[in-house]
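**Q** mind folding the following:
(one chain, ligands or ions: 1)
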Amino acid sequence: MNKTLRKAVIAGNWKMNKNRAEAKALITDLKPLVADASCDVVICVPYTNLETALAATEGTNIKVGAENCHFEKSGAFTGEISADMLTEMGVEYVIIGHSERRQYFGETDVTVNKRTKAAIAAGLNVILCVGEMLEDRENGITAELVAMQTKIALKDVSKEELKQVIIAYEPVWAIGTGKTATAEQANEVCAIIRSVIAQMYDQAAADAMTIQYGGSMNAKNAEELVAQPDVDGGLIGGAALKAEDFSVIVKAASNG
Ligand SMILES: O=C(CO)COP(=O)(O)O
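**A** Numbering: from 1, shown residues only. I've put the predicted structure just below:
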């Protein structure tokens with residue numbers, strides 16, 4: 001399996017953090033620090049910061065993403081945002097199926113699949129999140145669960161469309177807890193996801209698939225994680241809110 005076949009992607013997930021002034025300041029600090037990155041750099045920000053982030057990153061190597069989108073094109077869906085609304089603004093990425101959406105907002109594998117397909121159809125790049133809860137890991141069903149999440153999320157997504165998808169493996173027990181998966185654990189599950197892609201599509205598609213790790217990745221542990229053969233970068237929460245820390249992770253992925 002040749003890691004050089006795919007590009008590492010470091011994506012920040014700001015979650016529900018930063019007002020517009022803070023967003024602008026963070027991006028201003030970040031720009032020079034990641035300007036020479038050889039991996040892709042993405043920041044996924046709250047809807048209210050998208051316009052600010054797009055303006056602040058113009059002409060740079062930093063791409064902008066949203067943290068979710070709805071599966072319908074328009075209609076009576078109070079509080080939702082469609083994929084077309086995002087692309088119209090110039091947004092290029094969207095996170096779909098984050099565990100916080102699944103845990104707190106009733107997101108299911110089926111709605112993750114619908115949102116993934118809608119985002120792809122609109123031309124967005126999808127960061128598709130999968131990952132087990134601590135209980136699942138303790139019950140020894142991590143591989144089965146993550147395989148199922150991946151298969152349902154990608155139902156009816158063609159091999160061509162798959163090029164618009166990045167998968168983020170985020171063990172729920174490692175998110176925001178300071179408890180990182182070991183490099184071996186992260187690599188093991190990323191490799192399982194890759195084998196699911198090989199089964200669903202083919203080996204070439206699996207080899208080309210960017211699979212990130214996410215969950216308490218920080219400036220200290222990033223290097224070891226992104227050096228793993230099946231880990232192609234990361235989806236970063238807390239550490240993405242600090243320009244210096246995020247840039248250290250970007251540098252680690254540029255070398256890894
Ligand atoms: O959920 C995450 C990224 O989507 C990870 O969050 P933390 O890096 O804060 O653990």
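**Q** residue farthest from the centroid of this structure?
**A** In terms of distance from the mean C-alpha position of the chain, residue 76 ranks first, at 28.0 Å (Cα atoms, centre = their mean).
**Q** so what touches the helix or strand harbouring residue 115?
**A** For residue 115, the host element (DSSP states H and E) is helix 109-122. For helix 109-122, contacts defined as Cβ atoms under 8 Å, 6 or more residues apart in numbering pick out 68-73, 82-84, 86-87, 94, 96-97, 102, 126, 128, 148-149, 152-157, 161, 164-165. Quick note: C-beta positions are derived from backbone N, CA and C, even for glycine.
**Q** what's the closest non-adjacent residue to residue 248?
**A** In space, and not counting its chain neighbours, residue 248 is closest to residue 219: 3.9 Å by Cβ to Cβ, 6 or more residues apart in numbering.
**Q** tell me the contacts of the one you found?
**A** With contact set as Cβ under 8 Å, 6+ apart, residue 219 has these partners: 239, 244, 245, 248, 249.
**Q** so which of those reach the ligand?
**A** Among those, the residues lying close to the ligand (Cβ under 6 Å from any ligand atom) are residue 239.
**Q** redo the contacts of residue 219 as TSV? Include pLDDT and secondary structure.
**A** What follows is these, written out as TSV (pLDDT from 0 to 100; DSSP: H, G, I helix; E, B strand; the rest coil):
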residue	pLDDT	secondary structure
239	98	helix
244	98	helix
245	98	helix
248	98	helix
249	98	helix
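**Q** which of the contacts of residue 219 tops the neighbour count?
**A** residue 249 (28 neighbours; other Cβ atoms under 10 Å).
**Q** what is the nearest of the contacts of residue 219 to residue 28?
**A** For the contacts of residue 219, the minimum distance to residue 28 (Cβ to Cβ) is 13.1 Å, reached by residue 244.
**Q** what residues sit buried inside stretch 46-58?
**A** Within stretch 46-58, the residues scored as buried using 16 or more other Cβ atoms under 10 Å are 46, 49, 50, 51, 52, 53, 54, 56, 57.
**Q** stretch 58-71 too?
**A** Of all the residues in stretch 58-71, those buried under the rule 16+ other Cβ under 10 Å are 62, 63, 64, 65, 66, 67, 68, 69, 70, 71.
**Q** in JSON lines: these, plus secondary structure.
**A** As requested, those are exported to JSON lines (DSSP: H, G, I helix; E, B strand; the rest coil):
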{"residue": "62", "secondary structure": "strand"}
{"residue": "63", "secondary structure": "strand"}
{"residue": "64", "secondary structure": "strand"}
{"residue": "65", "secondary structure": "strand"}
{"residue": "66", "secondary structure": "strand"}
{"residue": "67", "secondary structure": "coil"}
{"residue": "68", "secondary structure": "coil"}
{"residue": "69", "secondary structure": "coil"}
{"residue": "70", "secondary structure": "strand"}
{"residue": "71", "secondary structure": "coil"}
